[in-house]
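# based on what follows, work out the 3D shape:
(chains A and B)
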Amino acid sequence: MSRPVSYNLIKKPLESDISIADMPDGHMGEGFFATSLNTVIGLARKNSIWPLPFATSCCGIEFMATMGSHYDLGRFGSERVGFSPRQCDLLMVMGTIAKKMGPVVKQVYLQMAEPRWVMAVGACASSGGIFDTYSVLQGIDQVVPVDVYVPGCPPRPEAIIDGLLRIQDLVSKESLRRRNSEQYKGLLESYGIQ
Amino acid sequence: MVLTNEHIKQRLIEKFAEQVTGFEEPYGMLTFEAPKELNLKVLNFLFDNDELKFRFLTDLCGVHYPENKGRELAVVYHLHNLADNVRIRFKVFTDINQPDIYTATGLFSSANWMERETYDFYGVNFVGHPKLKRILNVDEMDYFPMRKEFPLEDQTRIDKDDEMFGRG
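Reported below is the predicted structural model:
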């Protein structure tokens, strides 16, 4: 016997119009709207992040599901997955990074243009995970600075989307001067990046 | 004529007398050992002999027996006679303080990468190897990770709490 199909009989009204971003704080009058440059640029950047997937294992498969029509990362302005580090804003490292792969991750990070963000997806990329062994890098934060860690082994697509939303949050609030600050330079210096 | 384990054993003893020792047949696979200086002579004999024809090196690997003083490291050759479909296992042992063993690359090209791997993980020094450097691990690694004195876990980690792994 075939299973009865249930349709979405109860209409769920949208909480807000998801195709338009919220207006930032500012002063508005007849024919003008004034806000800070930071907010406008943050708003533009956060809704057009180009991810660069660096997928080495099972977390990469979850990412493929995330990019697929069911979960669809494109809803958050990230449908354009770039496979060239020069054009991308967000490095997503998904999967076990062996020590031999470490310099490759770093090279890819170096090839990205500022501003750039990094997301470590899954236990292996965040901490080495179950592979506590001589051949595996114990977290990619040993070679590149990481902005958001997504836990899970592997994380579900919802978790990856949550990680992207947190990246968006960081992107929208970032000061335009941050990348020139002494603190940021010091951070890169600590990774030997100039 | 079928090439039996007994026959191979007889031929080896005829040729090398008491120098080949430790004959065993775990799960029907003939296994024996020889002094490490003789490894190429034995391999050559097994290769060239018209009856034995062990001309395919399936695998070459190392083993570390820390309690076996004076012969801590073993190098194991797995040989295959493709014509008769017979496999044998040949071991040589060496002192860990001077792990020099002649390379089999002259006889089997496939030994090249396998000897590099054995060097990489056990530090066996294959004398005469064309390019004896690490193959799988990072070049900067300063130890041989499969030797038993090195713990499996990455020793650079400081966040691991032994209590949580039941060994506090």
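
# got the contact list for the closest residue to chain A within chain B?
Chain A sits closest to residue B:145 of chain B, with a gap of 4.4 Å, by Cβ to the nearest Cβ. Backbone N, C-alpha and C define where each C-beta goes, glycine included. Going by Cβ atoms under 8 Å, 6 or more residues apart in numbering or on different chains, residue B:145 touches A:134-135, B:121, B:137.

# again, only using 6 Å
Counting by Cβ atoms under 6 Å, 6 or more residues apart in numbering or on different chains, residue B:145 touches residue A:134.

# need the residues of chain B near chain A, please.
Residues of chain B found near chain A (Cβ under 6 Å from any Cβ of the partner chain) are B:138, B:145, B:152-154, B:157.

# weed out the non-buried ones from those.
The neighbour-count test (16 or more other Cβ atoms under 10 Å in any protein chain shown) applied to the residues of chain B next to chain A identifies B:145, B:154 as buried.

# pLDDT and distance to residue A:121 for the residues of chain B next to chain A - can I get that in JSON lines?
Listed next are those as JSON lines, based on pLDDT from 0 to 100; distance: Cβ to Cβ, whole Å:
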{"residue": "B:138", "pLDDT": "90", "distance to residue A:121": "23"}
{"residue": "B:145", "pLDDT": "91", "distance to residue A:121": "27"}
{"residue": "B:152", "pLDDT": "81", "distance to residue A:121": "25"}
{"residue": "B:153", "pLDDT": "77", "distance to residue A:121": "23"}
{"residue": "B:154", "pLDDT": "72", "distance to residue A:121": "21"}
{"residue": "B:157", "pLDDT": "70", "distance to residue A:121": "20"}
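
# take the residues of chain B next to chain A and keep only those in strands.
Judged by DSSP state E, strands contain none of the residues of chain B next to chain A.

# residue ranges of the helices in chain A, please?
Residue ranges of the helices in chain A, as given by DSSP state H, are A:37-46, A:58-67, A:102-111, A:122-127, A:157-173, A:182-190.

# packed most tightly, which of those helices would that be?
helix A:122-127 (a mean of 25; mean count of other Cβ atoms under 10 Å in any protein chain shown).

# contacts (any at all) between chain B and that helix?
No - on the criterion Cβ under 6 Å from any Cβ, helix A:122-127 is out of touch with chain B, staying 7.9 Å away.

# which residues sit against that helix?
Here helix A:122-127 makes contact (Cβ under 6 Å, 6+ apart) with A:59, A:93-96, A:120, A:129, A:139-140, A:149, A:152-155.

# and of these, the nearest to chain B?
For the contacts of helix A:122-127, the minimum distance to chain B (Cβ to the nearest Cβ) is 9.1 Å, reached by residue A:139.

# residues in contact with that closest one?
Going by Cβ under 6 Å, 6+ apart, residue A:139 touches A:126-128.

# quick check: closest non-adjacent residue to it.
In space, residue A:139 comes closest to residue A:127 once its chain neighbours are excluded; the distance is 4.6 Å by Cβ to Cβ, 6 or more residues apart in numbering or on different chains.

# in strands, which of the contacts of helix A:122-127 appear?
The strands, defined by DSSP E, take in A:93-94, A:120, A:149 from the contacts of helix A:122-127.

# any chance of those residues in a markdown table, plus pLDDT and distance to residue B:32?
Shown next, in a markdown table, are the ones in strands among the contacts of helix A:122-127 (pLDDT from 0 to 100; distance: Cβ to Cβ, whole Å):
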| residue | pLDDT | distance to residue B:32 |
| --- | --- | --- |
| A:93 | 95 | 49 |
| A:94 | 94 | 49 |
| A:120 | 95 | 51 |
| A:149 | 95 | 54 |
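
# closest one to residue A:168 out of these, please.
residue A:149 (15.7 Å; Cβ to Cβ).

# that closest one: neighbour count?
By the measure other Cβ atoms under 10 Å in any protein chain shown, the count of residues near residue A:149 is 19.

# pairing partners for it in the sheet, please.
Taking DSSP bridges as the rule, residue A:149 bridges to residue A:120.

# hmm, residue A:121 and it touching each other?
No - using Cβ atoms under 6 Å, residue A:149 is not in contact with residue A:121, being 8.3 Å away.

# what about the nearest residue to residue A:165 once chain neighbours are set aside, how many neighbours?
Distances taken as Cβ to Cβ, 6+ apart put residue A:76 closest to residue A:165, at 7.0 Å, once the chain neighbours are dropped. Neighbour count for residue A:76, taken as other Cβ under 10 Å: 17.

# tell me the contacts of the residue positioned nearest the centre of chain A?
Computing the C-alpha centroid of chain A and ranking residues by Cα atoms, centre = their mean puts residue A:164 first, at 4.2 Å. Contact analysis of residue A:164 by Cβ under 6 Å, 6+ apart lists residue A:76.

# next one: it from chain B, what distance?
26 Å (Cβ to the nearest Cβ, to the nearest Å).

# residue ranges with poor pLDDT in the chain?
No chain in the question, so chain A it is. Along chain A, segments meeting pLDDT under 70 span A:1, A:8.

# hmm, no, I was thinking of chain B.
B:1, B:156, B:165, B:167-168.

# ok, which stretches of it are strands?
Secondary structure of chain B by DSSP E: the strands cover B:21-24, B:30-34, B:56-64, B:73-81, B:86-94, B:100-102, B:125-127.

# for those strands, give me TSV that also has mean neighbour count.
Formatted as TSV, the strands of chain B follow (neighbours: other Cβ atoms under 10 Å in any protein chain shown):
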stretch	mean neighbour count
strand B:21-24	12
strand B:30-34	20
strand B:56-64	18
strand B:73-81	20
strand B:86-94	20
strand B:100-102	18
strand B:125-127	16
